[in-house]
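Q: whatever this is, show me its structure:
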Amino acid sequence: MSSAPVSPADRRFVTVTETVTEISPFTLNAWMSRPDIVPCRDVLLVRATMEPGFCHPFHHHPTREEIIYVVSGQAEQWCGDSYRVLKPGEMVLIPKGEVHGTYNPFREPVVFLAILSPAEAAGPDMVDSSGEAPWLGKREALGLPACVMRPV
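A: Numbering: from 1, shown residues only. Just a heads-up that it's a prediction; the model follows:
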């Protein structure tokens, strides 16, 4: 086992201290696989923690498919016009370009892994769809609570 610093070009293992942590308007993110951490070309991996009441509203990734896998807590997960409550050990596959959203109307944080492919893709990475028909007001029309986001 080596404790010498390893450059991202040579790194294969990522420890907790080597993750890149950021706070987004939606989640606290701990990036484990992206090109500035490991030499990946085909897959991104982020461990996201979403606090109660928060959400990542309707959006899509034009050039990436995504898997969201719940580690703990629960997520109201939308994929297109359908949604389900995902519990630990459950996941959703979101095809490229499919509008989706992750909401946490529950009393506990939800921790999930977001796995996106490919790692290297032409932009934009994400397109916000939440202010457009038919997504604007879609949840509220079903009686689901509004969500919170941090100011940018």
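Q: helices of this protein, residue ranges please.
A: Per DSSP state H, the chain carries helices over the ranges 138-141.
Q: check the gap between the residue nearest the centre of the chain and residue 49 for me.
A: Geometric centre of the chain, nearest residue: residue 114, 4.5 Å, by C-alpha atoms, centre = their mean. For residue 114, the distance to residue 49 equals 11 Å [C-beta to C-beta, to the nearest Å]. Where C-beta positions appear, they are placed from N, C-alpha and C, glycine not excepted.
Q: please apply the same query to residue 135.
A: In terms of C-beta to C-beta, residue 135 sits 24 Å off from residue 49.
Q: so how far is residue 92 from residue 64?
A: Look at residue 64 and residue 92: by C-beta to C-beta, they are 14 Å apart.
Q: wait, residue 72
A: Here residue 72 is placed at a distance of 16 Å from residue 92 (C-beta to C-beta).
Q: the two: which is more packed in?
A: With neighbours defined as other C-beta atoms under 10 Å, residue 72 and residue 92 compare such that residue 92 has more, 21 against 13.
Q: wait, doesn't that one sit right on residue 82?
A: No. Residue 92 is not in contact with residue 82 according to C-beta atoms under 8 Å; the separation is 9.5 Å.
Q: for the protein, what spans make up the strands?
A: Assigned by DSSP state E, the chain shows strands spanning 20-23, 28-33, 44-50, 55-60, 65-72, 75-79, 82-86, 91-94, 100-103, 110-117, 127-128.
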